[in-house]
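Colleague: test case, fold it:
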Amino acid sequence: MLPNRMRSGSIHAPGWARLDAVILMQQLTDPECVSLCQKGKPDAFDELVRRYQDRLYRFILRMVGSREEALELTQDTLLKAFQGLSQWRPEALFRTWLFQIASNTAIDSLRQRKRMNNISIDEQHDLADHCAGPERLLYISEQCQNLEQALDKLPHDFCQVLLLREFEEMSYSEIAETLNINVGTVKSRLARGRTMLLALCRRDEEKE
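Modeller: Below you'll find the predicted structure:
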């Protein structure tokens, strides 16, 4: 049993105050953390980093295909987000705003190193969409031994929507907001992206 003086809360063991602060941060919503950051409490941003850095890294890694580059771009994304917190408004989901920064950062990097995709969009246009139903990428992953390699070859416009939908489980409207496109375009890119991805998987398997 704790001594009376400790049970009363008058004396705290070393580190308790810090632990209480961490637990409190974990209970806050994203907007509440941002609000604290905007009021000059940067510790709240540490909690946002804890929540999103791994997800951002995986998203960017699938976009650029390089672990070292993905790590660097993840840090760039978080730095840009921290510096731009004053521009964020509660009417926009923090998650979509953050992934918008990540997407733009990854695309800028791809453009800088002039990484061009070899797949023609028109070439795949008439392929049947074998996996546009609720099975989504599950069907593709079962058919494809090298899904990551196939994603790497997909034009980034289609790769983005697939990653946000299938891996981040964003809604159509969230993806539209993140990429600054309309919902119809999101659905179209998803359908064509799935078809193109399956075609890439089959093409790679035929080469083996």
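Colleague: remind me which residues of this structure are low pLDDT?
Modeller: 1-23, 113-147, 204-208 (pLDDT under 70).
Colleague: longest helix anywhere in it?
Modeller: helix 183-207 (DSSP state H).
Colleague: against which helices or strands is it packed?
Modeller: helix 121-124, helix 137-143, helix 147-153, helix 156-162, helix 172-179 (3 or more CB pairs under 8 Å, 6 or more residues apart in numbering; DSSP states H and E). C-beta here means a position set from N, CA and C on the backbone, and glycine is covered the same way.
Colleague: tilt between it and helix 172-179?
Modeller: 90 degrees (axes from the mean of the first three to the mean of the last three CA atoms, to 10 degrees).
Colleague: for stretch 187-201, which residues meet the burial criterion?
Modeller: Buried residues in stretch 187-201, counting neighbours by 16 or more other CB atoms under 10 Å, are found at 187, 189-190, 192-201.
Colleague: alpha carbons only: can I get it in CSV?
Modeller: Output of stretch 187-201 as CSV, limited to C-alpha atoms (Å, rounded to 0.1, in the frame of the first residue of the first chain):
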residue,chain,number,x,y,z
LYS,A,187,-13.0,6.1,-58.4
SER,A,188,-11.7,6.0,-62.0
ARG,A,189,-8.1,5.9,-61.0
LEU,A,190,-8.8,3.1,-58.5
ALA,A,191,-10.5,1.0,-61.1
ARG,A,192,-7.8,1.5,-63.7
GLY,A,193,-5.0,1.3,-61.2
ARG,A,194,-6.2,-2.1,-60.0
THR,A,195,-6.4,-3.3,-63.6
MET,A,196,-3.0,-2.0,-64.5
LEU,A,197,-1.5,-3.5,-61.3
LEU,A,198,-2.9,-6.9,-62.0
ALA,A,199,-1.6,-6.7,-65.6
LEU,A,200,1.9,-5.8,-64.3
CYS,A,201,1.8,-8.7,-61.9
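Colleague: one step back: out of the buried residues of stretch 187-201, who's nearest residue 27?
Modeller: residue 190 (34.8 Å; CB to CB).
Colleague: ok, the closest one to residue 152 distance?
Modeller: Relative to residue 152, residue 190 is positioned 18 Å away (CB to CB, to the nearest Å).
Colleague: before we move on, what about residue 195?
Modeller: Shown here: residue 195 relative to residue 152, a distance of 17 Å by CB to CB.
Colleague: residue 75 too?
Modeller: 21 Å.
Colleague: with residue 51 instead?
Modeller: Counting by CB to CB - residue 51 and residue 152 are separated by 27 Å.
Colleague: one more: residue 81?
Modeller: 25 Å.
Colleague: looking at the two, which is more packed in?
Modeller: Taking other CB atoms under 10 Å, residue 81 and residue 152 do not tie; residue 81 has more neighbours (25 against 18).
Colleague: the more buried one and residue 99 touch, don't they?
Modeller: No: counting by CB atoms under 8 Å, residue 99 is not a contact partner of residue 81; they are 10.2 Å apart.
Colleague: list the buried residues of stretch 59-74.
Modeller: 59-65, 69-70, 73-74.
Colleague: same check, this time on stretch 73-87
Modeller: 73-74, 76-78, 81, 85.
Colleague: I'd like the distance between residue 154 and residue 28.
Modeller: 37 Å.
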